[in-house]
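S.K.: coords please:
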Amino acid sequence: MQKSLRRHIAWTAALLVLSTVTVASADAPPNRLTDAEQRSGWKLLFDGKTTKGWRNYKQDKVGNGWAVKDGAITWQKKGAGDIITAEQYESFELQLEYRISKGGNSGLMFHVTEQAAQPWHTGPKIQIQDNVDGHDPQKAGWLYQLYKPVKPAWAIRFEKQVGYTSPSVVDATRPAGQWNHMYLRIDPKQSEVCVNGVNYYYFVKGSDEWNKRVAASKFAKIPLFGKPTKGHVCLQDHNNLVSFRSIKVRKLDADGKVPEPIDGTLALKAELAFPNIQWEGWSPVDEAGKLNPPLRPIQITHAGDGSNRIFTIDQCGMIHVLENGSKSKKAKLFADLRARVHQFKVDDEEGVLGFAFHPNYKKTGRFFMYYSRESKARMIYLSSFRVSKSDPNKADPDSEEILMTIQQPFANHNGGPMAFGPDGYLYIGMGDGGGRNDPMGLAQSLKSKMGTMMRIDVDHRDGDRNYAIPKDNPFVGKKGVAPEIFAYGFRNPWRMSFDRKTGHLWLADVGQDLWEEIDIVKKGGNYGWSIREGTYAFGNAPGSATASVVAPVWEYDHRIGKSITGGYVYRGKKLPELDGHYLYGDYVAGKLWALQYDEAAGKVVRNMAIPWNGLPVLAFGEDEQGEVYVTTPSQGGKGIYRFVRGE
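M.R.: Residues are numbered from 1 along each chain as shown. Here you go, the predicted model:
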């Protein structure tokens, strides 16, 4: 009785913390570097106070045609002239915010040298203009007369599956008078332009394709155009009011790499947790000698019943139990649900995507699974199952009770991570429904479950639902709003977990074109997608410039990694130096990190690298003692690792 009471008090306190954790606005202050930017090599090109580091073209200072007003370099009068950076850049990245006047026009040029009469005689120009009332057919973000936005192949593939067609040439700019974010990367291997977080196009300066486009443009008769491989950054005077701020640059090395956003490397390593494990019901090859699909463990967990058993959940629909915990050499098949699960080899973002044991599993024998159904295209099932009455190491496959079905618009961004909170409710992280740029705006619509964190009571029922709505869910009783919603504004949550000490809900949200982020999820919070990506502007949906959203606790850009995988706050005993660190990784980059975050101050203390083998980081797991595992897809069935001290 005392143990139960202590648990209830701890859960109540943790829920209170979950609702009140300090958060910040996702609008990063202008002319400042974020913690992640500082660690990864970004530098300010404009301090918001002076024009230091800039000068007019072929002059030694900035003339009086430009002035610093309200933290921005602002055009003042005709004849102001183009301004350039004092320093020259070869391979680099640049990001800035611009605000153009009604009908206005300007430009951003790169690799400008002072060998010609005008900057645009050497430096290619990215157009800046008011796309509504501007006079030029070359729209903002286009590389003048050379490149315009191209829909990526992956977006075309997902749209084709469902018969949906988005505009072939995207316009992500915000109206005249509003701030727009522009990103430019110049790299001999591949350059890129994004506007308000949306990728517009790639190009390779000096390539055969580039040369053909130049030959067909008005620049064909200008001998030096596009020839320099190093030069100034230039902001164009087109005799229209324009302002610039938050101008940041990062130099790239010869391989296009950038500094890692870390404060050091931990003296740890990851080793195979089960090097000799045998998997019941699976082998690397079939009877005909053909390769079977690799194991993809999307979760490692425990039943919380004191048995110390470890359960592995594979994306294909197999659940294995390791009876002897970390000492196991054989994985028994707890459940084989492959026949009813849509396989990831067909659509790699489908299959089993979420799993959770009931917090009182020892008594109820219930577990929950979030998966895409084989029999119904793009249909997600949230179901409850029960353990067999005769064998604690076998599930009853016929016990499925469907709690909820969710039709997905596209095959990607299904989300799916699940966890029971300290309050006993089930939390489910939902993707935005897929496609590119959240085409239906679902992540910001409270009428939809897409892009949300749902919170439901699986121990009771409301009306015809096979679950109940917690009475303190933040949007209960609001007309037209899905009452299951606890928070919203997510793109594609890939793994989430509760800190077993504080009760805080940590979530990793996979970004689209520029930023990956980590969130601590707060009741009722809007986490920004698809009007923000991390702390940066995204798209041009109405109201996007003024919306109030919650900032991530950490973010990193796509030169660091391109698909974040969330983990756990370490609370085990074997590695006390990891205590309180949030472990996470990146699937595409094959990297591991440990983040220490001061939740009261709302500030990252440090971000440490963990040595890793470079394989894709698929998921993390936690056993009953709080020891953490990391997984990777494995054709040989050896894809589960644990952390140990390095030599």
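
S.K.: Specify the local secondary structure of residue 161.
M.R.: Look at residue 161: counting by DSSP: H, G, I helix; E, B strand; the rest coil, its state is helix.

S.K.: How many neighbouring residues does residue 381 have?
M.R.: Residues lying near residue 381 (other Cβ atoms under 10 Å) number 19. Heads up, the C-betas are built off the backbone N, CA and C, glycines and all.

S.K.: ok, which stretches of the stretch 351-500 of the chain are helices?
M.R.: Along the stretch 351-500 of the chain, counting by DSSP state H, counting those that start in this stretch, helices occupy 361-364.

S.K.: Longest strand of the chain, counting residues only.
M.R.: Longest strand in the chain by number of residues, with DSSP state E as the criterion: strand 395-407.

S.K.: quick check: mean pLDDT across that one?
M.R.: Throughout strand 395-407, pLDDT has a mean value of 96.

S.K.: Name every strand pairing with that strand and say which way it goes.
M.R.: Using DSSP bridges, the strands paired with strand 395-407 are strand 379-387 (antiparallel).

S.K.: Could you check how far the strand it pairs with is from the centre of its chain?
M.R.: Averaged C-alpha coordinates place strand 379-387 at 27 Å from its chain's average position (Cα atoms, centre = their mean, to the nearest Å).

S.K.: Alpha carbons only: can I get it in CSV?
M.R.: The C-alpha coordinates for strand 379-387 follow below in CSV (Å, rounded to 0.1, in the frame of the first residue of the first chain):
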residue,chain,number,x,y,z
MET,A,379,-4.4,2.7,-42.7
ILE,A,380,-2.9,2.9,-39.2
TYR,A,381,-4.2,0.6,-36.5
LEU,A,382,-3.8,1.3,-32.8
SER,A,383,-4.6,-1.9,-31.1
SER,A,384,-4.5,-3.7,-27.8
PHE,A,385,-3.3,-7.3,-27.4
ARG,A,386,-3.0,-9.7,-24.4
VAL,A,387,-0.5,-12.2,-23.3
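
S.K.: shaky segments in the stretch 251-400 of the chain?
M.R.: Of all residues in the stretch 251-400 of the chain, those with pLDDT under 70 make up the ranges 348.

S.K.: Can you mark which positions in the longest strand of the chain are buried?
M.R.: Neighbour counts over strand 395-407 (16 or more other Cβ atoms under 10 Å) mark 395, 399-400, 403-404, 406 as buried.

S.K.: Kindly report the same for stretch 338-353.
M.R.: Of the residues in stretch 338-353, those with enough neighbours to count as buried (16+ other Cβ under 10 Å) are 338, 340-344, 347, 349-353.

S.K.: Need the contact partners of it.
M.R.: Applying Cβ atoms under 8 Å, 6 or more residues apart in numbering, the set of residues contacting stretch 338-353 from outside is 293, 296, 298, 313-318, 337, 369-375, 378, 411-417, 434.

S.K.: which ones among the residues you listed are found in strands?
M.R.: The subset of the contacts of stretch 338-353 located in strands under the criterion DSSP E comprises 298, 313-314, 318, 369-372.

S.K.: Tell me the buried residues within those.
M.R.: When burial is judged by neighbour count using 16+ other Cβ under 10 Å, the buried members of the ones in strands among the contacts of stretch 338-353 are 298, 313-314, 318, 369-372.

S.K.: Could you save those as TSV and add columns showing distance to residue 510?
M.R.: Supplementary listing: these in TSV, determined by distance: Cβ to Cβ, whole Å:
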residue	distance to residue 510
298	14
313	19
314	20
318	24
369	21
370	16
371	19
372	17
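
S.K.: quick one on the thing from earlier: which other residues reach the longest strand of the chain?
M.R.: Surrounding strand 395-407, the residues in contact under the criterion Cβ under 8 Å, 6+ apart are 319, 334-337, 367-368, 378-389, 430, 449, 456, 458, 465-467.

S.K.: Roughly how far does the closest residue to residue 544 other than its chain neighbours sit from residue 172?
M.R.: Excluding the flanking residues, the one nearest residue 544 by Cβ to Cβ, 6 or more residues apart in numbering is residue 531, at 3.7 Å. Taking Cβ to Cβ, to the nearest Å as the measure, residue 531 falls 11 Å from residue 172.

S.K.: Equivalent analysis for residue 512, please.
M.R.: Distance, residue 512 to residue 172, by Cβ to Cβ: 11 Å.

S.K.: Now list whatever residues contact both of these two.
M.R.: Taking Cβ under 8 Å, 6+ apart as the contact criterion, the common neighbours of residue 512 and residue 172 are 197-198, 437, 538.

S.K.: I'd like to know which of these is nearest to residue 144.
M.R.: Ranked by distance to residue 144 (Cβ to Cβ), the shared contacts of residue 512 and residue 172 are led by residue 198 at 18.7 Å.

S.K.: The closest one contacts residue 437, correct?
M.R.: Yes: contact between residue 198 and residue 437 holds when scored by Cβ atoms under 8 Å: they sit 6.2 Å apart.

S.K.: Find residues that contact each of these two.
M.R.: Common neighbours of residue 198 and residue 437 (criterion: Cβ under 8 Å, 6+ apart): 170, 172, 512, 539.

S.K.: neighbour-wise, which of the residues you listed leads?
M.R.: Counting by other Cβ under 10 Å, residue 512 has the largest number of neighbours within the shared contacts of residue 198 and residue 437, with 25 neighbours.
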